[in-house]
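> quick one: sequence and predicted model below, then my questions.
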Amino acid sequence: MTLTPHAAKLIAFAFIVAVVPQLVPGGFGQAVLAFVGFYTLATLGLQVLMGYAGQMSVGHAAFFGIGAYAYGILTTRLGITPWLALVLAAVCNGFIAYLIGRPIFRLRGPQLALATLVLGIIASTVFMQATWLTGGALGLGNIPPLTIAGFAFAGDMRNAYLSLITAFAMLVVADNIMRSRFGRCLKALSVDEQVAASLGIDTLRQKLGVFVVSAALTGLGGTLYASYLSYISPDAFTFILSVELLLMAIVGGLGTIWGAPAGAALVVLLGQTMDALSRHLPPGSDVMLKSIAFGSVLVAIVIYLPEGVARTLRTLGARLWLFRTSKDL
């Protein structure tokens, strides 16, 4: 029986999810994998919005933070069980995205980007100033982990599996959605909005729908992040995170669902490498080092891999597949 390239890709990714957490050295490596899972979910939300619908967002850290804070507030202040809090946090993200999306998606291009930037600034300000709700600069602590029948997802190994399995499941779901009529409408929207409208596509409705889906996916990453760390603060959800998510989406390759894990893994590993190198440099140089490294990677990707890492790997895989098939014939 011959596997299709798509099925082979799913099996390979499932194998990576199952095996890699057992192979990485110690808790630090498993923690890095957990963060790859969190940021894969966040980048997936951005991929769906930008790569498929062609709608710019430079403030997506807001939804990552809303997912984290909604989960933390629901569990610590209202006493709601973690799994229900996870669902409600996703609903909260989707509802806020719907309310915000109705006015801002009447804008296009730079105006839309500016509106999403303002969204990120407002969210960051609320996280910092609403001390009665978020804890302000001191943050929010004692956030409980997710549990199943008394089995708590506490520790690096368990959270690595939880985040990676959740990310894999959402990647499969998003891949199927993008192959549906909804996904085809989004692709038409990204090519030319006026032509899409002339074909009978309700462009505002489609943009609102993808914005809600994008916010829910990104917020899910934030929820798992809060469950893992059990503490969150406004410093984690600034404009810098929005830039990193954009970088993950571009590095992975816009317009491909599987670019999300590729971009997230590369940027997280690059960040950890820069952190390790900065320990041998004067204090305060880590921010400069990260900025230079991220900028250099972005320029290199745009020049040498304009389609992103995932599309480049897919092209190489397709060529190998054709070569193997021709040999069998």
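Everything's here; your move. Numbers count the residues shown, from 1 in each chain.

> could you list the buried residues of the helix or strand containing Ala262?
Counting by DSSP states H and E, the element that carries Ala262 is helix 259-278. For helix 259-278, burial by neighbour count (16 or more other C-beta atoms under 10 Å) applies to 259-268, 270-271, 274, 278. (C-beta placed from N, C-alpha, C; glycine too.)

> for it, packing partners?
In terms of contacts (3 or more C-beta pairs under 8 Å, 6 or more residues apart in numbering; DSSP states H and E), helix 259-278 is packed against helix 26-46, helix 156-178, helix 239-252, helix 285-304, helix 309-328.

> average pLDDT for the longest one?
Along helix 156-178, the predicted confidence averages to a pLDDT of 90.

> same deal with stretch 246-259?
Stretch 246-259 shows a mean pLDDT of 85.

> show residues contacting that stretch.
Contacts with stretch 246-259, where a contact means C-beta atoms under 8 Å, 6 or more residues apart in numbering, come from 9, 13, 39, 42-44, 46-48, 50-52, 58, 60, 171, 174-175, 178, 190, 260-264, 266-267, 294, 297-298, 301-302, 307-312, 314.

> for ChimeraX, write the select line for the buried members of those.
To isolate the buried members of the contacts of stretch 246-259 in ChimeraX, using 16+ other C-beta under 10 Å:
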select :9,13,39,42,43,44,46,47,48,50,51,52,58,60,171,174,175,178,190,260,261,262,263,264,266,267,294,297,298,301,308,309,310,311,312,314
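
> any weak-confidence spans in the protein?
1-6, 8, 280-281, 283-287, 313-315, 317-329 (pLDDT under 70).

> now the residue sitting nearest the centre point of it, nearest residue through space, not along the chain?
The centroid of the chain falls nearest to Ala42 when counting by C-alpha atoms, centre = their mean (1.6 Å). Once flanking residues are discounted, Ala42 sits nearest to Gly221: 4.1 Å by C-beta to C-beta, 6 or more residues apart in numbering.

> what's the separation between that neighbour and Arg181?
27 Å (C-beta to C-beta, to the nearest Å).

> give me the buried positions along the helix ranked longest in the chain.
Using DSSP state H to define each element, the chain has its longest helix at helix 203-229. Applying a neighbour-count criterion of 16+ other C-beta under 10 Å, one finds 203, 206-229 buried in helix 203-229.

> relative to helix 26-46, how tilted is it?
Going by axes from the mean of the first three to the mean of the last three C-alpha atoms, to 10 degrees, helix 203-229 is angled at 170 degrees with respect to helix 26-46.

> any idea how far helix 203-229 is from the middle of the chain?
9 Å (C-alpha atoms, centre = their mean, to the nearest Å).

> assign Ile80 to helix, strand or coil.
Of the three states, Ile80 takes coil according to DSSP: H, G, I helix; E, B strand; the rest coil.

> give the contact list for it.
Per C-beta under 8 Å, 6+ apart, neighbours of Ile80: 74, 88.

> Leu138 too?
With contact taken as C-beta under 8 Å, 6+ apart, Leu138 is in contact with 131, 233.

> how close does it sit to Thr131?
From Leu138 to Thr131 the distance is 8 Å (C-beta to C-beta).

> neighbouring contacts of stretch 295-302?
Here stretch 295-302 makes contact (C-beta under 8 Å, 6+ apart) with 247, 250-251, 266-267, 270, 308-309.

> show me which pair in the residues you listed is furthest apart.
Leu270 and Gly308 (15.1 Å; C-beta to C-beta).

> hmm, back to that, how about the contacts of stretch 295-302 in a markdown table, adding distance to Leu241?
Shown next, in a markdown table, are the contacts of stretch 295-302 (distance: C-beta to C-beta, whole Å):
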| residue | distance to Leu241 |
| --- | --- |
| Leu247 | 10 |
| Ile250 | 15 |
| Val251 | 15 |
| Leu266 | 16 |
| Val267 | 11 |
| Leu270 | 15 |
| Gly308 | 20 |
| Val309 | 21 |
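
> tell me the one among these nearest to Pro21.
Pro21 has its nearest neighbour among the contacts of stretch 295-302 in Leu266, at 18.3 Å by C-beta to C-beta.

> so who does the closest one touch?
248, 251-252, 297, 309.

> farthest-separated two in the residues you listed?
Once C-beta to C-beta is applied, the contacts of Leu266 give Gly252 and Val297 as the farthest pair, at 11.9 Å.

> and the closest residue in space to Gly209 that isn't next to it in sequence, how many neighbours?
In this structure, Gly209 finds its nearest non-sequential neighbour in Phe182, 7.1 Å apart by C-beta to C-beta, 6+ apart. Per other C-beta atoms under 10 Å, the neighbour tally for Phe182 reads 14.

> need the buried residues of helix 259-278 in a markdown table with distance to Leu86, can you?
Below are the buried residues of helix 259-278 laid out as a markdown table (distance: C-beta to C-beta, whole Å):
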| residue | distance to Leu86 |
| --- | --- |
| Gly259 | 25 |
| Ala260 | 20 |
| Pro261 | 21 |
| Ala262 | 26 |
| Gly263 | 24 |
| Ala264 | 20 |
| Ala265 | 24 |
| Leu266 | 28 |
| Val267 | 25 |
| Val268 | 22 |
| Leu270 | 29 |
| Gly271 | 26 |
| Met274 | 32 |
| Ser278 | 34 |
